[in-house]
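Student: Return atomic coordinates for the entry below.
(one chain, ligands or ions: 1)
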Amino acid sequence: MLTKDQIDHYHRHGFVKVDGLFSPQETDELAADMVRIIEEWGEETIGWRGPWRDRYLEEEERLNTKAVFLHRPDFYSAVWSRVIHHEGLVGGVRDLVGDSVQWHHTVLHAKPPERGTPFPMHQDYPFYPHDGPDFVDCLLHLDDAPLASGALHIVPGSHKGGPLVHVLGPDTAPHLPPDQYHPDLIDTVTIPAARGDIIFFSYLAIHWSDCNRTDEWRKAVRFGYHSTAMRPVGRADDDPHRIDPDNILPRNDNIVVSGFRPGERERAPVPASVQVQA
Ligand SMILES: O=C(O)CCC(=O)C(=O)O
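Tutor: This next block holds a predicted model:
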């Protein structure tokens with residue numbers, strides 16, 4: 001599925017972009033249903049709240065950005081339900097983490113035209129911590145995403161540093177402290193993309209994206225997949241992906257898309273060398 005160079009690139013830099021992994025027909029079908037989902041179920045917000053906004057936006061823009069975020073498009077559309085098993089997508093993840101793969105989430109990040117929200121520097125790990133590194137986020141682009149549309153930026157190699165301390169709290173989404181981690185302080189690689197392209201990136205890779213300042217939508221959908229050998233760690237009682245201590249099976253909304261999820265007695269412990277501590 002992926003070439004050796006692409007696999008090496010992911011392991012060395014923490015990400016790889018695969019051009020046209022979804023055909024124009026597949027992308028059209030997904031985009032059409034997503035437009036309908038947004039119209040019928042979506043809600044516009046300003047995006048992530050929090051003190052980081054002072055460091056990423058001019059004063060007049062700070063409370064004035066636009067975003068449509070939506071989890072589980074598969075609750076609304078069969079096309080979005082089937083795509084969880086897309087062979088190119090799952091095959092790509094398999095090449096990166098091994099034969100047994102579990103779907104974890106699908107979420108829309110839509111940046112409307114003219115000031116679609118930015119995202120501050122962060123890792124995705126604090127949103128869904130697990131006990132190993134083999135968790136791949138896959139950003140599928142439903143629209144072209146040139147630099148001005150708020151394309152993804154990544155700090156190459158940052159996945160190798162493990163989980164970092166994030167600013168947390170009820171009034172913000174996890175983000176890295178802007179006085180240490182900010183695009184003015186740290187070099188990042190910009191990854192402009194076209195419709196149908198996917199960026200595979202490690203949930204430990206530091207990334208961010210800027211405002212959409214074009215007059216077009218920038219809709220991207222992130223799928224999260226991980227090795228079935230990994231388990232969630234350190235989550236709150238009400239977290240939907242938390243393991244129920246009275247029943248050690250993870251919740252059954254985590255679909256196995258390749259291979260098998262080993263039972264707890266069979267599961268090989270995650271080797272200490274690749275364990276990730278919360
Ligand atoms: O959609 C974007 O531009 C940013 C995505 C992101 O930060 C994430 O997937 O965690």
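
Student: Quick one: the strands in the stretch 51-200 of the chain, in order.
Tutor: 67-71, 101-111, 119-122, 135-141, 152-154, 189-191, 198-202 (DSSP state E, counting those that start in this stretch).

Student: Redo these as a markdown table? Include mean neighbour count and mean pLDDT.
Tutor: Every C-beta, even on glycine, is put in place using the N, C-alpha and C of the backbone. Formatted as a markdown table, these follow (neighbours: other C-beta atoms under 10 Å; pLDDT from 0 to 100):
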| stretch | mean neighbour count | mean pLDDT |
| --- | --- | --- |
| strand 67-71 | 18 | 96 |
| strand 101-111 | 22 | 95 |
| strand 119-122 | 25 | 98 |
| strand 135-141 | 25 | 98 |
| strand 152-154 | 23 | 98 |
| strand 189-191 | 15 | 98 |
| strand 198-202 | 25 | 98 |
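
Student: Using TSV, please lay out these together with distance to residue 257.
Tutor: Listed next are these as TSV, based on distance: least, C-beta to C-beta, whole Å:
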stretch	distance to residue 257
strand 67-71	18
strand 101-111	5
strand 119-122	26
strand 135-141	12
strand 152-154	23
strand 189-191	25
strand 198-202	15
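
Student: wait, which of those is closest to residue 263?
Tutor: strand 101-111 (13.9 Å; C-beta to C-beta).

Student: Just the C-alphas of the closest one, formatted as PDB.
Tutor: Only the C-alpha atoms of strand 101-111 are listed here, as PDB (Å, rounded to 0.1, in the frame of the first residue of the first chain):
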ATOM      1  CA  VAL A 101      -5.700  -2.300  13.600                       C
ATOM      2  CA  GLN A 102      -8.600  -0.800  15.500                       C
ATOM      3  CA  TRP A 103     -10.600   2.300  14.500                       C
ATOM      4  CA  HIS A 104     -10.900   4.800  17.300                       C
ATOM      5  CA  HIS A 105     -12.700   7.900  16.000                       C
ATOM      6  CA  THR A 106     -13.800  10.000  13.000                       C
ATOM      7  CA  VAL A 107     -14.100  13.800  13.400                       C
ATOM      8  CA  LEU A 108     -14.800  16.600  11.000                       C
ATOM      9  CA  HIS A 109     -12.600  19.700  11.300                       C
ATOM     10  CA  ALA A 110     -14.200  22.300   8.900                       C
ATOM     11  CA  LYS A 111     -12.800  25.700   8.600                       C
END
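
Student: follow-up on the earlier one: is it possible to get the strands of the stretch 51-200 of the chain out as TSV so that each row also shows distance to the ligand?
Tutor: Shown next, in TSV, are these (distance: least, C-beta to the nearest ligand atom, whole Å):
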stretch	distance to the ligand
strand 67-71	9
strand 101-111	4
strand 119-122	4
strand 135-141	6
strand 152-154	5
strand 189-191	10
strand 198-202	8
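
Student: Figure out which of those is closest to residue 78.
Tutor: So among these, strand 101-111 is nearest, using C-beta to C-beta, at 13.4 Å.
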